[in-house]
Each structure stands twice: as C-alpha cells, then as structure tokens.
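Below are the sequence and a predicted model; questions follow.
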Amino acid sequence: MKADTDRRRKWNNEPLVLFVEGYSDLTFYAELMEHLGLLEQCFIQDLGGKGRGKLCDEASLLLTPGNMARISAVGVLLDGDNNAAGAFSLARNALKDAVGVDLPTMGK
C-alpha cells in the first residue's frame, strides 16, 4: 500500500483551495467540483482527520503570502460531530495561527 504522501497532489496555482477532513471527503468534493465544472480550478487537501494541528500545518505550508496572491478563495470543511461551534472554532483558530487571518466569530 502506498504511503499517504504518495496520494497527495501538489498545488498548481489553483485559485480555489479546499481543506477537507478525510480522503472520502476529498473524493466526494472532487466529484462535486467536477460536476460543477470547477475541478480544474480547485485544489482539495485531505487533512487526514480533524485536528487543529493538522489544519494549521497544512495551511501554513500552502497559504503563504506569495501563494495567497494567486488564491481567490479558501474553504475548510470539517464534520461538526454534534458540535458545530467546536468545529468552527477549531478551523478559525487554526487559520488564525497559520496565517494570521482573523475570521469572524460563528454566526456573524
């Protein structure tokens, strides 16, 4: 079986970036983006599970100032797991730690 790093795509200046929780999420959203005609414009990164550290690490690597000049939108899709506020807070804090982006609080 190939290592996880073997199935990772490299970012090719796609203007849309989507961080998803797991590989099954990646395949689902890749199919959705293909159906919408947006797959060629979208880079989808599988985080390998939920965790602030995982999202923070991946965001730090990809969302550099130089790259951000070419990215028009970033999305983070995490399962709420019966705690939507917790998932939102995890994503918000990880992005703030990774790139210094201060996102609004939930519901605003």
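Thanks, I have it.

Now for the residue nearest in space to the middle of the chain: which residues touch it?
For the chain, the residue nearest the mean C-alpha position is residue 19 (1.4 Å; Cα atoms, centre = their mean). By Cβ atoms under 8 Å, 6 or more residues apart in numbering, the contact list for residue 19 reads 44-45, 47, 55, 58-59, 74-77. In short, each C-beta sits where N, CA and C put it, glycine included.

Ok, residue 63 next?
17, 71, 74, 95, 98-99.

got CSV for those residues, with neighbour count too?
Below are these laid out as CSV (neighbours: other Cβ atoms under 10 Å):
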residue, neighbour count
17, 23
71, 17
74, 17
95, 22
98, 19
99, 17
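
Out of the contacts of residue 19, list just those in helices.
The members of those that map onto helices under DSSP state H are 55, 58-59.

Closest to residue 27 out of the residues you listed?
residue 58 (17.7 Å; Cβ to Cβ).

where does that closest one land on pLDDT?
At residue 58, the model reports a pLDDT of 89.

mind listing what it touches?
By Cβ under 8 Å, 6+ apart, the neighbours of residue 58 are 19, 45, 47.
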